[in-house]
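**Student:** A structural model of the following input is requested.
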Amino acid sequence: MTHIDAGAELDPVHPVPVPVTARGLTAAEVAERVARGQVNDVPVRSSRSMGEIVRANVFTRFNAIIGALWLIMLFVAPFQDSLFGYVIIANTGIGIIQEWRAKKTLDSLAVIGEARPTVRRDGVAAAISTSEIVLDDLIEFGPGDKAVVDGVCVEADGLEIDESLLTGEADPVVKKPGDQVMSGSFVVAGGGAFKATKVGREAYAAQLAEEASRFTLVHSELRTGISTILKYVTWMMIPTAIGLVVSQLVVKQHGFKDSIARTVGGIVPMVPEGLVLLTSVAFAIGVIRLGRKQCLVQELPAIEGLARIDTVCLDKTGTLTEGGMDVTELRPLQGADESYVRKVLGALGESDPRPNASLQAIIDAYPDVEDWRCTESLPFSSARKYSGATFSEGNGESSTWLLGAPDVLLAAGDPALKETGRLNEQGLRVLLLARAGRDLDDPEPANGARPAALVVLEQRLRPDAADTLRYFADQDVRAKVISGDNAVSVGAVAAKLGLTGTTVDARHLPPEQEEMAKSLDKGTVFGRVTPQQKRDMVGALQSRGHTVAMTGDGVNDVLALKDADIGVSMGSGSEATRAVAQIVLLNNSFATLPSVVAEGRRVIGNITRVATLFLVKTVYSVLLAVLVVCWQVEYPFLPRHLTLLSTLTIGIPAFFLALAPNKERAKPHFVRRVMRYSIPGGVVAAVATFVTYLMARHYYTGPGQLDAETSAATLTLFLISMWVLAIIARPYTWWRIALVASMGVAFLFVLIVPSLQHFFALKLVGETMPWVAVGIAAVAAVALEMLWKWVDRRFPA
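**Tutor:** Below is the predicted model of the structure:
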């Protein structure tokens, strides 16, 4: 019922009197507040600013080391010994461009997925951007809507708000006019309006929201693993580099500048400079690829995280089925008059200003009866499983009705439950209309309710759901259907989609986490699950070591989405659901999920391959420097030699390998898996190269001796590095074979073209020593194959 105060006036648009306080601000009042800067100006940020992207790519620890060495080389050595600096500039440029492209993609998708609250101004409600809200605006909200600013409740119709994301308190809070509304809380039942009292950065959750939506690369095993590796590399580099500088200045035989150049040549390859760049680029390109499929990645590690999941919890409504439903049948019970029941259903539909999908189907099937008036209502709640309303009928009589789950409203053993069970087995959704014998404000309004009719609803299955479930099954990812609906009905829907397994009524699940986890491992389909149970189920699965993804679109999924390792929301889902999910499927297509999993697997699998390439170089560079210091000889390479080797055996191949398709299931322990190959590979390469170098020192004499020794050592190191690349590139495809072969041809080109020989100071002298270099490389390649096979057996990943 509408209560009218003394100051009410007639709205020229609406014939019903509207209270002055409920009309909202006028256009003039809005303009006045905008002029004063009282606007909700918190920036909606899904990505880093351009300045942050440039800083993150330019000002890194390794760029500083390489930059300093590059400046030294510009003054003491020929141009070709400074090439490594230009490679860093190119790498940094590529990183900035790719992250900028990812930023544009994220920003454009964030605008599509942005919440648009309904604000009442001049008595007219309209959806506006959150940034357009001003102080004292009157904001309407209903089930699933999030409070985007702080305020005071002005209107409440059975309004229940969940503040658990802010306070940790699990139970919904009933709000009445005058109560505080905190930004970040969301409506679970009923509806109402509140007046904005704090906007912009003053709002309670503004800082949280800004942080949550920020483009981030943290909390990722990949990023953490790479940081750990880089920390160890830095520790190894510092003492080795100091020893190399001292030894080269002591043993210098070819002038100060040449010694400096060879010292720099020893330090530069220790830095795995391209590894961080390629990881960022791989993530950025993943965002762009998924963006084309209308998939908004709100936190970048979610791409990686979804690839690591072994259990996916699916909410049936909106995920396996489409949002809409159709009423297929009305079955009166206990001799109820069907025409009267239709009137009741029509009035119930009209009583809820924000109907859910089930009630919307009833509204579509049964038109409102004009002479019935709603005097009190009880909004639907996922925890209650029913809604209700009291009506003043056209003949002056008053009646109270409930509409909800038959197995919640009826006592066990009621004959209507058998009929409901038969319909549920066909995958149909069944609601019970019952006449209540108690008032709606009674603690137990359903007690003693008399059944009047069963409303049978047919759910529309998503055409892509069966294929997606098959994909997860093929990938060894277990699917668990978790729904608030009747367990038998949910089980029948799951069976239609090819998902087999035990169906469980969640009301019989044990509350203890360990026991619940055992039940979850055995069951596949769970019905009659409350929102708090969904959260508990996610926690129970995680307690057994599972990596859990949760999909959902309703307000009852928010808590579970928040606690899951990866939360996935539909674009058409509630504002609150979209706000806590790491991934939002803006096209509402469950079929997009395999693309996200595939993208994550591509990133993880390929970065693991590429990291091995980079770290083999780091290990052999450090070890070569140690051997040079111990033997007190000149470092065998100039920077130009290692720039050439790095480009052909790591830089170019790594770029292609990092972006190639990869369907391997993501495995944990990134650091261990990379280092178990990198250390033996680097040791073999360093020892073989140093043996060739020492043999060449004994073989060659006279002028040009050092250049000849360097060329022989370079040949051995190139061949071993090529063999490492050939192993990493497995399993072979035509393009991978072509990639490895083209790198070999490019090196051969350098060896036979005189101008390139001179540019890179590479010239093989005689026949004996080059063939010895090839022989040592061949022995090293065999040792590498045997060693890596032994490592696979001895230290399985």
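**Student:** ok, and for stretch 627-638, which residues are buried?
**Tutor:** Within stretch 627-638, the residues that qualify as buried are 627, 628, 629, 633, 634, 635, 636, 637, 638, counting by 16 or more other C-beta atoms under 10 Å. Heads up, the C-betas are built off the backbone N, CA and C, glycines and all.
**Student:** How far does that stretch stretch from one end to the other?
**Tutor:** Stretch 627-638 has an end-to-end distance of 16 Å (C-alpha to C-alpha, to the nearest Å).
**Student:** quick one: contacts of that stretch?
**Tutor:** 77, 81, 240, 243-244, 246-248, 250-254, 259, 261-263, 265-266, 624-625, 686, 689-690, 693-694, 697, 706, 709-710, 713-714, 761 (C-beta atoms under 8 Å, 6 or more residues apart in numbering).
**Student:** What of stretch 507-518?
**Tutor:** Here stretch 507-518 makes contact (C-beta under 8 Å, 6+ apart) with 519, 526, 528, 533, 536, 537, 539, 540, 541, 543, 544.
**Student:** Among the residues you listed, name the buried ones.
**Tutor:** Applying 16+ other C-beta under 10 Å to the contacts of stretch 507-518, the neighbour count classes 519, 526, 528, 533, 536, 537, 539, 540, 541 as buried.
**Student:** Select from those every entry located in strands.
**Tutor:** residue 526 (DSSP state E).
**Student:** so which of the buried ones among the contacts of stretch 507-518 comes closest to residue 655?
**Tutor:** Checking the buried ones among the contacts of stretch 507-518 against residue 655 with C-beta to C-beta, the nearest one is residue 541 at 38.2 Å.
**Student:** Distance check, that closest one against residue 512.
**Tutor:** Using C-beta to C-beta, to the nearest Å, we find residue 541 at a distance of 14 Å from residue 512.
**Student:** what does residue 369 give?
**Tutor:** Residue 369 is 49 Å from residue 512, where distance means C-beta to C-beta.
**Student:** Same check on residue 654?
**Tutor:** According to C-beta to C-beta, residue 654 stands 50 Å off from residue 512.
**Student:** So for those two, which sits in the more crowded spot?
**Tutor:** residue 654 (25 against 11; other C-beta atoms under 10 Å).
**Student:** Not including adjacent chain positions, what is the nearest residue to that one?
**Tutor:** residue 610 (4.5 Å; C-beta to C-beta, 6 or more residues apart in numbering).
**Student:** Can I take it that that neighbour is in a helix?
**Tutor:** Yes - under DSSP: H, G, I helix; E, B strand; the rest coil, residue 610 falls within a helix.
**Student:** Isn't it up against residue 276?
**Tutor:** No - counting by C-beta atoms under 8 Å, residue 610 does not reach residue 276; the two are 11.3 Å apart.
**Student:** Settle it for me: which of these two has more neighbours?
**Tutor:** Set residue 610 next to residue 276 and count neighbours by other C-beta under 10 Å: residue 610 wins out with 26 against 23.
**Student:** got the contact list for that one?
**Tutor:** Counting by C-beta under 8 Å, 6+ apart, residue 610 makes contact with 275, 278, 654, 657, 658, 728.
**Student:** Just the buried positions in stretch 701-716, please.
**Tutor:** 705, 706, 707, 708, 709, 710, 711, 712, 713, 714, 715, 716.
**Student:** so which of these comes closest to residue 181?
**Tutor:** residue 714 (70.5 Å).
**Student:** and the closest one, that's in a helix?
**Tutor:** Yes - Residue 714 forms part of a helix when assessed by three-state DSSP.
**Student:** separation between it and residue 637?
**Tutor:** Distance, residue 714 to residue 637, using C-beta to C-beta: 7 Å.
**Student:** cool, residue 734 as well?
**Tutor:** Taking C-beta to C-beta, one finds residue 734 at 34 Å from residue 637.
**Student:** helices or strands up against the one helix or strand residue 231 maps to?
**Tutor:** For residue 231, the host element (DSSP states H and E) is helix 221-250. The criterion is 3 or more C-beta pairs under 8 Å, 6 or more residues apart in numbering; DSSP states H and E, and the helices and strands that helix 221-250 contacts are helix 61-76, helix 256-267, helix 273-292, helix 301-308, helix 593-631, helix 670-699.
**Student:** Specify the angle between that helix and helix 61-76 in degrees.
**Tutor:** In terms of direction (axes from the mean of the first three to the mean of the last three C-alpha atoms, to 10 degrees), helix 221-250 departs from helix 61-76 by 30 degrees.
**Student:** Which positions within helix 221-250 qualify as buried?
**Tutor:** 221-223, 225-226, 229-230, 233, 236-237, 240-241, 243-245, 247-248.
**Student:** what's the answer for stretch 497-508, then?
**Tutor:** Across stretch 497-508, burial judged by 16+ other C-beta under 10 Å covers 497, 499, 501, 503, 504, 505, 506.
**Student:** how much space between the first one and residue 479?
**Tutor:** Read that as residue 497. 10 Å.
**Student:** so how many other residues sit close to residue 264?
**Tutor:** A count of nearby residues for residue 264, using other C-beta under 10 Å, gives 28.
**Student:** Then the one 4 residues further on?
**Tutor:** The number of residues packed around residue 268, counting by other C-beta under 10 Å, is 25.
**Student:** Show me where the chain dips below the pLDDT cut-off.
**Tutor:** By pLDDT under 70, the weakly predicted segments of the chain are 1-21, 42-48, 109-113, 164-170, 203-219, 251-255, 300, 323, 797.
**Student:** Make CSV from the contacts of stretch 507-518 and add distance to residue 440 to it.
**Tutor:** Listed next are the contacts of stretch 507-518 as CSV, based on distance: C-beta to C-beta, whole Å:
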residue, distance to residue 440
519, 35
526, 30
528, 22
533, 25
536, 29
537, 31
539, 34
540, 35
541, 37
543, 39
544, 42
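**Student:** Among these, which one sits closest to residue 348?
**Tutor:** Using C-beta to C-beta, the contacts of stretch 507-518 come closest to residue 348 at residue 528, 22.0 Å.
**Student:** my guess is the closest one meets residue 486, correct?
**Tutor:** Yes - counting by C-beta under 8 Å, residue 528 touches residue 486, with 6.7 Å between them.
**Student:** Point to the residue nearest the middle of this protein.
**Tutor:** The centroid of the chain falls nearest to residue 302 when counting by C-alpha atoms, centre = their mean (2.2 Å).
**Student:** I'd like to check which residues are in contact with the nearest residue to that one once chain neighbours are set aside.
**Tutor:** In space, and not counting its chain neighbours, residue 302 is closest to residue 582: 3.7 Å by C-beta to C-beta, 6+ apart. Taking C-beta under 8 Å, 6+ apart, we find residue 582 in contact with 297, 298, 299, 301, 302, 305, 566, 567, 568.
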